[in-house]
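Novice: Okay, sequence plus prediction incoming.
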Amino acid sequence: MFDSLSDKLQATFQKLARKGRLSESDVDAGLRDVRLALLEADVNYKVVKQFIAAVRERAVGADVAKSLSPAQQVIKIVHEELIKLLGEPAKLNLSGQPPHVIMLVGLQGSGKTTMAAKLALYLRKDGHKPLLVAADPYRPAAITQLEVLGKQLDIPVHAEDIRVKPADVALHALKRAEGGAYSVLILDTAGRLQIDDAMMDELAEIKRRVSPAEILLVADAMTGQEAVHVAEGFHARLGLSGLILTKVDGDARGGAALSIRSVTGVPIKFMGVGEKVDALEPFYPDRLASRILGMGDMLSLIERAEATFDQEQALKMEQKLRTATFNLEDFRDQLREIKKMGPLDQLLSMIPGMAQAARQLPSDLTEKQLKRVEAIINSMTPAERQDPRLLNGSRKRRIALGSGTSVQEVNQLLNQFREMQRMMKQLSGSGPHGRGLFSLFR
């Protein structure tokens, strides 16, 4: 989402870096570029004005003038002010006596139903026992969609006849939760194409009947500044406790994410970063600010790895690498685990310095490459996967034919695998630094 903004900001900082010592006019010229980049990214103009004023006040001060690397000092200031703009990290309010009611609200098409399932899965992983509540009797198949998602995740869904009023459905679900030892209720409420009195009155009635601990607006980040106006409207009528931004992995300009917290005063609590049911991340302002400035986000990458990789499996893999017994079968298994972590270009963008390189790759190149590599390995016999030295010319031709690739691609994979074996063997024998690579997954 922030690719264009990130590229422009990095280009501005590179120009400042070439200046060496920075004069006040150099800082002003750089901030003009930053201002334009933010406006082009659809950030609210009042937010941009306040942000630039705050950065300039600090950037023309004595700290920057005396710094050995003024450009880096300016980047540091921009990073800190971005974090302030995005607000403090905010957790769900699940204190007190359960069951806790979380009410999801938003316009039709913002992704509330899918988000309800994502949030339920996230909370179950955190030790809670969630109950999904289908409180949208108007949208065709809304109840069925939630029931299908609940079945896929093995999470119970409370649904009633579409003639039952949503406030009654919510109250019945609350009573069920109290009797069934569910710790969290997640209400999937009805939306409209736009804010109207009928919808708001209904949501206000649900709020009055079940007293939710959280009222979270699910806002589509792809809608730009309209998401900010929607948040203001819902907050004025319901008193929102938090925001969830969906489609943050899309190609919108990103201004809504940077504006919505500052304009509404409501904290962002989660971000939807993909279509899969586990593609939900808690919102960390410092991490998002680092991603925008091209500094990567290693903490989120490590957390994804820890959630994906099994500790016992990682220990076995470390041992195999130490003893040089890592084979193509292991390599294929590792690729499958990496694919579970998300799109490769998204993972690469979390590594400091790799964001720009990731964006230069065709969108489907890395995914296609992984599929081809897996097809080549799958076309080998178990003995060949265990010992690639068995692969002579005729075997390679058979593998290429079976995988729909060429002998050249088979050779390329084998060369890359041998090089990786060599590098990993060196890393595994390099003391604590080598071991640190595997400690990420424990």
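Specialist: Good, I have the coordinates.

Novice: ok, Ile143 - how many residues close by?
Specialist: Number of residues near Ile143 (other CB atoms under 10 Å) recorded here: 21. (Glycine included, C-beta is placed from N, CA and C.)

Novice: and it, how far is that from Val157?
Specialist: Separation of Ile143 from Val157 (CB to CB, to the nearest Å): 8 Å.

Novice: joint contacts of those two?
Specialist: Applying CB atoms under 8 Å, 6 or more residues apart in numbering, one finds that Ile143 and Val157 are jointly contacted by Ala134.

Novice: Tell me, what's the model's pLDDT at the residue nearest the centre of the chain?
Specialist: The chain has Val273 as the residue nearest its centroid, 3.6 Å off, counting by CA atoms, centre = their mean. As predicted, Val273 sits at a pLDDT of 81.

Novice: my read: it touches Arg287, true?
Specialist: No. Under the criterion of CB atoms under 8 Å, Val273 makes no contact with Arg287, lying 11.6 Å away.

Novice: what sits in contact with each of those two?
Specialist: Shared contacts of Val273 and Arg287, defined by CB under 8 Å, 6+ apart, are absent.

Novice: And stretch 88-96, how far out from the chain middle?
Specialist: Centroid separation for stretch 88-96 versus its chain: 19 Å, with CA atoms, centre = their mean, to the nearest Å.

Novice: rounded to a whole number, what's the mean pLDDT of that stretch?
Specialist: What stretch 88-96 shows for mean pLDDT is 85.

Novice: what do you get for stretch 47-66?
Specialist: For stretch 47-66, the per-residue pLDDT averages 79.

Novice: which parts of that stretch are buried?
Specialist: Neighbour-count burial for stretch 47-66, counted by 16 or more other CB atoms under 10 Å, picks out Val47, Val48, Phe51, Ile52, Ala54, Val55, Arg56, Arg58, Ala59, Val60, Val64.

Novice: Of those, which belong to helices?
Specialist: Counted as lying in helices by DSSP state H, out of the buried residues of stretch 47-66, are Val47, Val48, Phe51, Ile52, Ala54, Val55, Arg56, Arg58, Ala59, Val64.

Novice: contacting residues for Glu409?
Specialist: Glu409 sits next to Arg372, Ile376, Ala400 when contact means CB under 8 Å, 6+ apart.

Novice: Among the residues you listed, which ones are in helices?
Specialist: Among those, the members falling in helices (DSSP H) are Arg372, Ile376, Ala400.

Novice: Among these, which one has the most neighbours?
Specialist: Using other CB under 10 Å as the neighbour test, those are led by Ile376, with 23 neighbours.

Novice: Now do the closest residue to it other than its chain neighbours, the pLDDT please.
Specialist: Counting by CB to CB, 6 or more residues apart in numbering, the nearest residue to Ile376 once its immediate chain neighbours are dropped is Ser403, at 4.6 Å. In the prediction, the pLDDT value recorded for Ser403 is 89.

Novice: My guess is Leu86 contacts Ser290. True?
Specialist: No. Shown here, Leu86 and Ser290 do not form a contact pair, counting by CB under 8 Å, at 11.1 Å.

Novice: so what sits against both of those two?
Specialist: What both Leu86 and Ser290 touch, as defined by CB under 8 Å, 6+ apart, is an empty set.
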